[in-house]
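Asks: quick check, what structure comes out for this input:
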Amino acid sequence: MRFIMALYQPDHYRVLGVPVGADARRLKEAYHRLSRVYHPDLRGGSRLATERFQRIAAAYSELSDASLREIYDRKLVLMDPLRMVDDPRAERALDRIDGIVGRLRRRPKALPGRPRGRDLRVTCEVPLAVAALGGSWHVMVDYETTCATCDGVGTVQPDRNPGCHVCMGEGHLKVGVRRQRQVCGFCGGRGEVLLAPCDTCDGSGRVQDRREVAFNVPARLGAAATLRVRGAGEMAPRGGIPGDVIVATHIAKHPLLEPRGDDLICQLPLSWSEATCGCTRDVPTLAGLQRLRVPAGSWSGRELRVPQQGLLRRDQHRGDLRYVIMVDVPDAISEADGAALRSLESQLGMARFARRARYETQLDAVAAADRHDRAGERVRVAGREGDDSPPAEAADEAGRADVSPMPKGRAS
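Replies: Residues are numbered from 1 along each chain as shown. Take a look at the predicted model:
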C-alpha cells in the first residue's frame, strides 16, 4: 500500500522474525521460510508480494554478512538501545513499568462521542440572478466512500493474506525504552499482509465517488461568501455523524447585465431604423428574457428604466433595470448607400434632427461670445502700444489669442 513508507519501518531482525542474537543458520532458515510465503513467483507476480520479498531479501543480505551486520548493529543501538538486549524478561519488565506509569497518569476518560465524517470543501460559481434574489443551486462534490466490491475490507480473498509475522497480528509495535506504540510498517497496521488486494480500490477499502449536492443561496449574497451544507459531507464509520460540505461561492459575471449600486445596467444596441421608428426587442432580466418596447426617436445614451427589476436592497425593495440605448452604425458602406443617406437627410432637413439643431444653436452662441472676447482683447492690446515695456502677462495673453483657431464658417 502507498502509505507504508510513512509508518514505522521495522528493523532487519523484525523483518526476518528472529531475535537479535540469531546465528547464521537461524537467519537462513527464517529467510527460506519467508520466501515460501512472499516470493512473487508463488504469488502470481503480485506487486505487493514483490515489495515485501525485496525487504526480506535486503534484510537477509545485510545480516548474513558479518562485517555488514556489525555496522548495522551499531546503527540499531543508536536508534533503539533496547533492541540489542536479547532478553524477553527485559521487555516484560519495561511493559510492567509502562503499565504502572500509565495508571498513575491516567485521567478519567470522557464518554466517547459519535464519530464524525470529514468535511468537504468545494468552490462554486453562482449565477447573478440566484445571488441577487436567493434560491437553490447545486455543486458537484467528490467523495471518498466505502468500496462496494470488498465492503471496505481491501480484499475479496482474505485467505490469501498471511498474518503479519513482524507485529504478530497486532498491527503495531512497541518501540524504544518508553515502549511507544507505532503502526507496523510491514502490514500497514492491518495485522495481516495484504497480498491479494481488491482490484477496485487497490486494497485501500475506499473509492472516489462524485455526486450533486443542492444548497440554498440567501438573497443578496456577498461577493465571496461561504455556505455550509449540513450532513452532506463524507459518511462516518460505525453509523456516526456525516460531515458537512463547505461551499466557497463566487458570483458569475452576467454577459449583459452589469450591477451598478442597486441598479442593473444593460447596453442595448439598436439599428438606425429601430432607433428612428421604434421597435420591440428581447432584453435580459434576472427572471429571464422579456419584451421591451423602444419608443420612436430614441438616441444613443437614452435610458429606458424598468422600475423594481434591479438588485434587492436591504429594505427588501429592488433597484431599477436601466437599458442604455446605443445606436449602432455599419462598419463600412458603399458610395451609393452613402449618397442615399445624404439624400434622405437633405429631404428631411436639419430641423427634423432636434438634438443636432439644438447643438448648432448652442454652438453659434459659443462662437459669438468668443468673437466678443477676442474684440475686447484687441482693444486692450492696442491701448498699450505706446508703452515701452508691456507686461509679460498681457503679451502672453495676446499671443495666445492670435494663435487660437476659430470654427470654420463662424470667424468674424
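Asks: now do the SS call for residue 10.
Replies: Under DSSP: H, G, I helix; E, B strand; the rest coil, residue 10 falls in the coil class.
Asks: wait, it sits on residue 185?
Replies: Yes - with contact defined as Cβ atoms under 8 Å, residue 10 reaches residue 185; the gap is 6.2 Å. (Each C-beta comes from the backbone N, C-alpha and C, glycine too.)
Asks: now residue 139: closest residue in space that isn't a chain neighbour?
Replies: residue 124 (4.2 Å; Cβ to Cβ, 6 or more residues apart in numbering).
Asks: and the contacts of the host helix or strand of the one you found?
Replies: Taking DSSP states H and E as the criterion, the element that holds residue 124 is strand 120-126. Strand 120-126 has contacts (Cβ atoms under 8 Å, 6 or more residues apart in numbering) with 137, 139-143, 217, 221, 232-234, 243-252.
Asks: let's see it at 7 Å
Replies: 137, 139, 141, 217, 221, 233-234, 243, 245-252 (Cβ atoms under 7 Å, 6 or more residues apart in numbering).
Asks: how close does the residue nearest to residue 139 sit to residue 209?
Replies: Distance of residue 124 to residue 209, computed by Cβ to Cβ, to the nearest Å: 18 Å.
Asks: again, but for residue 259
Replies: Counting by Cβ to Cβ, the gap from residue 259 to residue 209 is 37 Å.
Asks: who's more crowded, the two?
Replies: Between residue 259 and residue 209, counted using other Cβ atoms under 10 Å, residue 259 has the larger neighbour count: 17 against 13.
Asks: what sits against residue 59?
Replies: 12, 15, 16.
Asks: so which strand or helix has it?
Replies: Going by DSSP H and E, residue 59 is in helix 47-63.
Asks: after that helix comes which helix or strand?
Replies: Where DSSP H and E defines the elements, the next helix or strand beyond helix 47-63 is helix 66-79.
Asks: between that next one and helix 47-63, how big is the angle?
Replies: For helix 66-79 against helix 47-63, the angle by axes from the mean of the first three to the mean of the last three Cα atoms, to 10 degrees is 100 degrees.
Asks: can you give me the strands for the stretch 251-400 of the chain?
Replies: With DSSP state E, counting those that start in this stretch as the criterion, the stretch 251-400 of the chain has strands at 258-260, 263-270, 279-285, 288-294, 303-306, 321-327.
Asks: select, out of the ones you listed, the one closest to residue 45.
Replies: The closest of the strands of the stretch 251-400 of the chain to residue 45 is strand 288-294. By Cβ to Cβ, the value is 61.4 Å.
Asks: relative to strand 279-285, how tilted is the closest one?
Replies: 150 degrees.
Asks: identify the residues contacting residue 136.
Replies: Counting by Cβ under 7 Å, 6+ apart, residue 136 has contacts 214, 216, 217.
Asks: scan those and report the most crowded one.
Replies: residue 217 leads these on contacts (other Cβ under 10 Å) with 20 neighbours.
Asks: circling back: ok, the strand holding residue 124: who's next to it in the sheet?
Replies: strand 245-251 (parallel) (DSSP bridges).
Asks: name the residues of the partner strand that come out as buried.
Replies: 245, 246, 247, 249, 251 (16 or more other Cβ atoms under 10 Å).
Asks: next one: stretch 197-208
Replies: Judged by neighbour count (16+ other Cβ under 10 Å), stretch 197-208 contains these buried residues: 197, 198, 201, 202, 203, 204, 205, 206, 207.
Asks: before we move on, what about stretch 137-147?
Replies: 137, 139, 141, 143, 146, 147.
Asks: next: stretch 63-71.
Replies: 63, 69.
Asks: please save the CA atoms from that stretch in PDB.
Replies: C-alpha atoms of stretch 63-71 as PDB (Å, rounded to 0.1, in the frame of the first residue of the first chain):
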ATOM      1  CA  LEU A  63      22.600  -9.600   8.300                       C
ATOM      2  CA  SER A  64      24.200 -12.700   6.600                       C
ATOM      3  CA  ASP A  65      27.400 -10.700   6.100                       C
ATOM      4  CA  ALA A  66      29.400 -10.500   9.300                       C
ATOM      5  CA  SER A  67      31.000  -7.100   8.700                       C
ATOM      6  CA  LEU A  68      27.800  -5.500   7.400                       C
ATOM      7  CA  ARG A  69      25.900  -7.000  10.400                       C
ATOM      8  CA  GLU A  70      28.300  -5.400  12.800                       C
ATOM      9  CA  ILE A  71      27.900  -2.000  11.200                       C
END
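Asks: could you list the low-confidence segments of the chain?
Replies: Scanning the chain for pLDDT under 70 picks out 1-9, 81-114, 176-179, 237-239, 378-412.
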